[in-house]
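Novice: generate a structure from the sequence data that follows.
(one chain, ligands or ions: 1)
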Amino acid sequence: MAIKKLGTRFLCWSRFLTENRFTLFGKRSVLAIAFSIGALNCQNAFAWSDPGHQIIAALAYSYLTPEAQAKAQAILAQDTDTLTQTDFVSRSVWADKYREAGRPDGASYIGTREWHFVDIPLSTNGDKAMVESEEEKICPIVDLKGGVASLGAPAQDCIVNKINQFTAELADPKTSVQEQVFALKFLIHFVGDIHQPLHTSDNDDHGGNCVWVAPTSHDPMRLHGFWDYQAVYLLTKGAAPADYAKILHDEITEQQIKDWQTETPKDWAADSFELSKNAAYNLGTTTPHCDAENKTTTIKLTPDYETNASNISKIQMEKAGVRLAKILNEILR
Ligand SMILES: [Zn+2]
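Specialist: Numbers count the residues shown, from 1 in each chain. Predicted structure coming up:
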C-alpha cells in the first residue's frame, strides 16, 4: 500500500515565488534568512507544502534556546548539499527535494520515500489504543545495528520510527558530522509531516491522492493536496512563512506548550490519524473508490469543511513547531 501510495501523486498549481528576508525575533536570536515560498506547479504532493514546512521550522526556531540555535546552525554549516538553501528554515523541505531528486528509481527515492508517513488504515475503529496497535503492526521497531539511523537504514520504515531514530542519532555524541547533518534535516521535516493528517492514514486511496475534491475557490485538486496546500494557503493568504510563524508564536499559550510537549511521536501519529478520519474524510458522502486511473468522481467541498481544515492545519503546525523545538532543545545542548 505504501508503495502504491507513492506511485502517482501530482498536483498542479500556478507557481508564485517571493523572497523575503526576515529577522527572527527576540534579543537572543537574530537570524537573517532568505527563502522562497510558493505553491507548486505540477509537483508531487505528499507532504505539507513548502510554506507549511517553512512555517513549522520558523516557529520551532523561535522556541530554540540560543545553544540549540547555535548547534543547529553549526551542524547545517557543514552541509554542502545544494538541493535547498542551507539555513534552518530552508532545510525543512530538503527531505522532499532529496526524495524527488531520486525519482523514479534512485537511491534517495527508493530508500527514503516510505519514511514520510505511516499508513494506518482508515477503517481502523475503536479507541486510541487500537489505533496505536495498528501503528505498531505497520511500523515495527527496526533494530538499527550500531545506532545507524540515516545512511544505510532500511527503506521499509515509517515516520514514527524515523523521528525516534533521528532524535537518538542526533543526541549521540559519537554520531559523525555527516550523519548529524542527515539526521537534523530529516528530523526538521518529519516532525512536520507527521502532523499532516493524511500522512498517518490510508483508505486504499494512495493517502487521499486519488480522491478528487472541488474547493470553493480553487480548481479541483486531490484531497491530499488540499490538505498540503490549500488548507495552509487559506490561512496564510500567501504571507511569508516567517511572518505567519510569528503570528502563531504570539498566539500559542504557555499552557498549550506544556500540554503539547508531553506526548510521543506515536501519540502524534494517533492524533493525526483521528483528525484524518473525523475531519479530512468527513466529506459528506461515502468516499468513492479510486478507479483504474487513480481518480474518483469529484467531491464538492463546503465552506465549513474548508474552515475546519484550516483551523486544524493551524493547530497542527503549531504543535509541530513546539514539539520540534522541544526535541532540539533537549538534544542540542
Ligand atoms: Zn515529506
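Novice: for the closest residue to residue 322 other than its chain neighbours, give me its contacts.
Specialist: Spatial nearest neighbour of residue 322, excluding adjacent residues (Cβ to Cβ, 6 or more residues apart in numbering): residue 260 at 5.0 Å. C-betas here are computed from N, CA, C, even on glycine. Applying Cβ atoms under 8 Å, 6 or more residues apart in numbering, we find residue 260 in contact with 318-319, 322-323.
Novice: what does residue 235 give?
Specialist: Contacts of residue 235 by Cβ under 8 Å, 6+ apart are 244, 310, 313-314.
Novice: can you get me a residue count around the residue of the stretch 51-200 of the chain found nearest the ion?
Specialist: Closest contact between the stretch 51-200 of the chain and the ion, by Cβ to the ion, is at residue 116 (3.8 Å). Residue 116 has 26 neighbours, counted by other Cβ atoms under 10 Å.
Novice: i'd like the first residue to be 15 from this point on
Specialist: Sure, I'll start counting at 15 from here, so that last one is residue 130.
Novice: pretty sure it sits against residue 107.
Specialist: No. Between residue 130 and residue 107 there is no contact, the gap being 11.9 Å when judged by Cβ atoms under 8 Å.
Novice: show me which of the contacts of residue 274 is closest to residue 141.
Specialist: Nearest to residue 141 among these is residue 333, at 20.7 Å by Cβ to Cβ.
Novice: show me where this protein has its strands.
Specialist: Ranges of strands in the chain, per DSSP state E, are 32-37, 46-51, 134-135, 215-216, 226-228, 235-236, 313-314.
Novice: against which helices or strands is the fourth one packed?
Specialist: Of the remaining helices and strands, those touching strand 215-216 by 3 or more Cβ pairs under 8 Å, 6 or more residues apart in numbering; DSSP states H and E are strand 134-135.
Novice: other residues contacting the strand it packs on?
Specialist: 145, 148-149, 152, 214-218, 283, 287.
Novice: for that strand, give the mean pLDDT please.
Specialist: Across strand 134-135, pLDDT averages out at 91.
Novice: run the chain-centre distance for it.
Specialist: Its chain's average C-alpha position is 18 Å from that of strand 134-135, according to Cα atoms, centre = their mean, to the nearest Å.
Novice: show me what that strand pairs with in its sheet, parallel or antiparallel.
Specialist: The strands beside strand 134-135 in its sheet (DSSP bridges) come out as strand 215-216 (parallel).
Novice: show residues contacting the partner strand.
Specialist: Under the criterion Cβ under 8 Å, 6+ apart, residues 15, 19, 133-136, 221-222, 286-287, 290-291, 294-295 lie in contact with strand 215-216.
Novice: quick one: contacts for residue 342?
Specialist: 74, 78, 82, 86, 201.
Novice: would you agree residue 333 is in contact with residue 211?
Specialist: No. Proximity of residue 333 to residue 211 does not meet the contact threshold set by Cβ under 8 Å, at 11.9 Å.
Novice: off-centre distance for stretch 124-135?
Specialist: Mean-position distance between stretch 124-135 and its chain equals 12 Å (Cα atoms, centre = their mean).
Novice: can you get me the start-to-end distance on that stretch?
Specialist: Distance between the boundary residues of stretch 124-135 (Cα to Cα, to the nearest Å) amounts to 22 Å.
Novice: what residues does the stretch 115-264 of the chain have near the ion?
Specialist: By Cβ under 5 Å from the ion, the residues of the stretch 115-264 of the chain that approach the ion are 130, 207.
Novice: again, only using 6 Å
Specialist: Proximity of the stretch 115-264 of the chain to the ion, by Cβ under 6 Å from the ion, involves residues 130, 203, 207.
Novice: list the contacts of the nearest residue to the second one once chain neighbours are set aside.
Specialist: I take that to be residue 203. Among residues not flanking residue 203 along the chain, residue 109 sits closest, at 3.8 Å (Cβ to Cβ, 6+ apart). Taking Cβ under 8 Å, 6+ apart, we find residue 109 in contact with 126, 129-130, 199-200, 203-204.
Novice: closest to the ion out of the contacts of strand 215-216?
Specialist: residue 221 (11.2 Å).
Novice: quick one: low-confidence parts of the stretch 115-264 of the chain?
Specialist: 140, 160-162 (pLDDT under 70).
Novice: how many neighbouring residues does the closest residue in space to residue 73 that isn't next to it in sequence have?
Specialist: Leaving aside its chain neighbours, residue 73 sits nearest to residue 335 (3.0 Å; criterion: Cβ to Cβ, 6+ apart). By the measure other Cβ under 10 Å, the count of residues near residue 335 is 27.
Novice: in stretch 332-347, which residues are buried?
Specialist: Residues 332-343, 345-346 are the ones in stretch 332-347 that count as buried (16 or more other Cβ atoms under 10 Å).
Novice: give me the number of neighbouring residues for the closest residue to residue 291 other than its chain neighbours.
Specialist: Using Cβ to Cβ, 6+ apart and skipping the chain neighbours, the partner closest in space to residue 291 is residue 136 (5.9 Å). As a burial measure, residue 136 scores 18 neighbours (other Cβ under 10 Å).
Novice: and residue 136, what does it touch?
Specialist: By Cβ under 8 Å, 6+ apart, the neighbours of residue 136 are 215-217, 290-291, 295.
Novice: which parts of the stretch 115-264 of the chain are helices?
Specialist: Taking DSSP state H, counting those that start in this stretch as the criterion, the stretch 115-264 of the chain contains helices spanning 121-126, 142-152, 173-185, 191-207, 237-239, 245-250, 255-265.
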